[in-house]
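S.K.: pasting the sequence and the predicted coordinates here, then a few questions.
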Amino acid sequence: MRAIQITEFGGPEVLQQVELPDPVAGEGEVLINVSRAGLNYADTHQAENSYLAKMELPMVPGGEVAGVTADGRRVVALTKSSGGYAEKAVAPALTTFDVPDGVDDLTALSLVVQGATAWLLLRKSTHMEPGESVVVHAAAGGVGTIAVQLAKLWGAGRVIATASSDDKRKLALDLGADVAVDSRSSDMTAALIEANGGRRVDVVLDMTGGATTDQSLVALAPFGRLAFYGMASRERPKPVDLGALLVHSTTVAGMWLPHALKVRDAEHGTLAHRAMAELFALAVDGKLKAVAGGEYGLGEIRQAHEDLRSRKTTGKLLLDPSR
């Protein structure tokens, strides 16, 4: 099969198109003929070995695929941690989800990582309540575009999007954000409070890091919550001062999607399955829209990673392994 492999860690230059033997599904695994693979910012961290889970070489990157199983089921799946940038992939049965009729590959792949992340951030990490103000940083990205929509669907009083360009801010507004702020603002604390009508904000979803995280934390209202789920700037925020959290009655939560596959849910099996069931239902009903961010062939994978790292992309990026 054709695949993308890396044999040394680094930037986009380490991504190589190769021919590899077809993978073989073991016990409790599913072999998938891949129609599309998802491209995520986290993949750039995998390639340079700066991800939360350390990677081993040689490696086929890519953590999510959509396609068809040997018995004809149309599925979307999370691989064990890699293997998605290929014509065939193996995924655990536990992380393989049947795709409902009417849901295309773009939507399925938008939901399995970005959608589930947005669901968890709002439902579990911050426990958003109707009427609260919600800040969505990187609102034109994969998680952001879903989070803006979910926050509005679930009754947020004011959704404040941040993005780095006029086009990205317009996209966030089109998806339902009430106001869009320039993410390059030198004083994010003041910008968020102004966008919320002079009031501090209740919920912040942040994957940027650095000064954006530091200043967003200061913008929280009493009992406000900041959920931290990534570090796209590759700049660490300041250490959290627990005393300051006490003084201001604020909360900081971290979230990493794989944990949702370990937390049990009485009705759906795991928390991730509960999230996917709800997200698929919203998509089938036309209440949740996936935003296409571009599609690349295997020969364009380096450009795809360049685009991800530049943070110029919007919505969901896909890899077509057939070209």
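M.R.: Perfect, thanks for sending it.

S.K.: could I get the full set of strands for the stretch 101-250 of the chain?
M.R.: Assigned by DSSP state E, counting those that start in this stretch, the strands in the stretch 101-250 of the chain fall at 133-136, 158-163, 179-182, 201-206, 220-228.

S.K.: adjacent strands (with direction) for the longest one?
M.R.: When you say that, I think you mean strand 220-228. If you go by DSSP bridges, strand 220-228 pairs up with strand 201-206 (parallel), strand 251-254 (parallel).

S.K.: so what pairs up with F97 in the strands?
M.R.: Taking DSSP bridges as the rule, F97 bridges to V76.

S.K.: wait, isn't it in contact with T69?
M.R.: No. Between F97 and T69 there is no contact under C-beta atoms under 8 Å: 11.6 Å. C-beta coordinates here come from the backbone N, C-alpha and C atoms, glycine included.

S.K.: which neighbours do these two share?
M.R.: Common contacts of F97 and T69 (C-beta atoms under 8 Å, 6 or more residues apart in numbering): V75.

S.K.: neighbour-wise, which of those two wins?
M.R.: F97 (22 against 18; other C-beta atoms under 10 Å).

S.K.: now do the contacts for the more buried one.
M.R.: F97 neighbours (C-beta under 8 Å, 6+ apart): V75, V76, A77, A108, V112, H273, M276, F280.

S.K.: and which of those is nearest to A180?
M.R.: Checking these against A180 by C-beta to C-beta gives V112 as the nearest, at 26.7 Å.

S.K.: pretty sure that closest one contacts E64?
M.R.: Yes. With contacts counted by C-beta under 8 Å, V112 reaches E64, the gap being 5.4 Å.

S.K.: which neighbours do the two share?
M.R.: Contacts common to V112 and E64, judged by C-beta under 8 Å, 6+ apart, are G38, V76, A77, L78.

S.K.: find the centremost residue of the protein, please.
M.R.: Most central in the chain under C-alpha atoms, centre = their mean is Q114, positioned 3.1 Å from the mean C-alpha point.

S.K.: could you measure from that residue over to G141?
M.R.: 8 Å (C-beta to C-beta, to the nearest Å).

S.K.: again with V103
M.R.: V103 is 21 Å from G141, by C-beta to C-beta.

S.K.: name the residue in these two with the higher neighbour count.
M.R.: Using other C-beta under 10 Å, the more surrounded residue of V103 and G141 is G141, with 29 against 19.
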